[in-house]
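Visitor: Build me a model from this:
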Amino acid sequence: MQQQWQHFLSEQGAIINDGCVKRFNSPETEIKNSTAATILADLSHYRLFRVSGADANSFLQGQLSNDINHVTENQAQMSAYCSPKGRALALFRVFHFDNAYFLSLPDEIAETTMKRLNMFIMRSDVTMDDVTNDYFHFGIAGKDAAAKLKAALNLAELPDETDASIIANGLCLQKLAGTPDRFELIGSSDGATTMWNALQPSCVPVGESAWSLQRINAGIPEILTNSVETFVPQMLNLQLINTINFQKGCYPGQEIVARTKYLGKLKKRLYLAEVPTANPIEIGTDIYQSGDNLQSVGKIVLASANSSETTRVLVVLQIAAAEKQSLFLAEKDGPTLKILAMPYDLDE
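Guide: Numbers count the residues shown, from 1 in each chain. Sure, this is the predicted structure:
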């Protein structure tokens, strides 16, 4: 995070740690605001990489799980980067802006992920630049988010379908999955304070946890340090949220991903659940089921408190265990998981 931008946010009341806005208000207030208000979040805990060059399209097409040919100024997408064994190394948000492709991913895995991706450029005409400090990156969510964005940006129309994107007034605006509406806004860092000041009067600023809660409620997973190379894409429901294209050509892990779809039977998948604790839950924490055979039946993928007494989680579980329930966090006698309905259909 740029020092000038960090200073500005601190003056607005932000509590910042390691370049990430943790919160603006008490944890209890942030949780309430995340569900009751239109929220505005600084997304500096994500890094932005610009991918350009004559071979940028073919390079990304050969590395990622989705079809890069569908990415235009009017269409963004999510895409997975996998190991040769078909395990997800990272999930990118991919979009086209300023005459180049952009990749967005969490800061905590960005350095190792992009170093690995760079290894495969070789003689291709591709340049990948970390442009995080050249752009602001905001998240806006809430039932009135669309109306407030229209007013602040002076736009007649906004993208109205998941992953739809528009370029206007030097800004890139994308609609994300989930209800209430969620958007990401990217623009030149020179205009960061002006844009924040334009949005802030009609929005409530929040930190990373409140924004993550919106993602969890939308059923959209994320790969973080403790979950790198842990799950095949289908375990994360990526085939259900337009993150895998089964008609495109080869990419690392493609054979495993395709075999899982056409020849295998999925034994694990992603679920939304609630745990009766507001204590922090680490990514990768094991889930157990009641019974004599104490073995892990799943792992936490994302977690964020949604009240002073409960935490919402995305968790990969054995399907058979999820159907039987009686699930516990971290140990046999730990807090009980209550499985909730996903906001999208789990039938393929």
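
Visitor: Could you use CA atoms for every contact and neighbour count after this?
Guide: OK.

Visitor: Ile216 versus Leu238, what's the distance?
Guide: Using Cα to Cα, to the nearest Å, we find Leu238 at a distance of 14 Å from Ile216.

Visitor: in the longest helix seen in the chain, what's buried?
Guide: With DSSP state H applied, the helix covering the greatest number of residues in the chain is identified as helix 107-118. Of the residues in helix 107-118, those with enough neighbours to count as buried (16 or more other Cα atoms under 10 Å) are 107, 109-110, 113-114.

Visitor: can I get those residues in a markdown table with pLDDT and distance to Ile16?
Guide: As requested, the buried residues of helix 107-118 are arranged in a markdown table below (pLDDT from 0 to 100; distance: Cα to Cα, whole Å):
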| residue | pLDDT | distance to Ile16 |
| --- | --- | --- |
| Asp107 | 97 | 15 |
| Ile109 | 98 | 19 |
| Ala110 | 98 | 19 |
| Thr113 | 98 | 24 |
| Met114 | 97 | 25 |
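
Visitor: any idea which of the residues you listed is closest to Asp98?
Guide: Here the nearest of the buried residues of helix 107-118 to Asp98, counting by Cα to Cα, is Met114; it sits at 20.3 Å.

Visitor: Which one's more surrounded, Leu238 and Ile216?
Guide: Taking Leu238 and Ile216 together and counting by other Cα atoms under 10 Å, Ile216 has the greater number of neighbours (25 against 22).

Visitor: tell me which strands and helices the host helix or strand of the more buried one is in contact with?
Guide: When secondary structure is defined using DSSP states H and E, the element that contains Ile216 is helix 208-217. With contacts defined as 3 or more Cα pairs under 8 Å, 6 or more residues apart in numbering; DSSP states H and E, the secondary structure elements packing on helix 208-217 are strand 20-23, helix 27-36, strand 39-42, strand 296-305, strand 311-318.

Visitor: which helices and strands does the second one pack with?
Guide: Which is helix 27-36. Under the contact rule (3+ Cα pairs under 8 Å, 6+ apart), helix 27-36 is packed against strand 204-206, helix 208-217.

Visitor: how many neighbours does Arg123 have?
Guide: Around Arg123 sit 7 other residues, with neighbours defined as other Cα under 10 Å.

Visitor: Please shift the residue numbers so they start at 21 in all later answers.
Guide: I'll keep to 21 as the first residue from here, and by that count the last item is Arg143.

Visitor: I'd like the distance between it and Met215.
Guide: When Cα to Cα is the yardstick, Arg143 and Met215 sit 40 Å from each other.

Visitor: now swap in Leu256 and tell me
Guide: Distance, Leu256 to Met215, using Cα to Cα: 34 Å.

Visitor: With Glu294 instead?
Guide: When Cα to Cα is the yardstick, Glu294 and Met215 sit 35 Å from each other.
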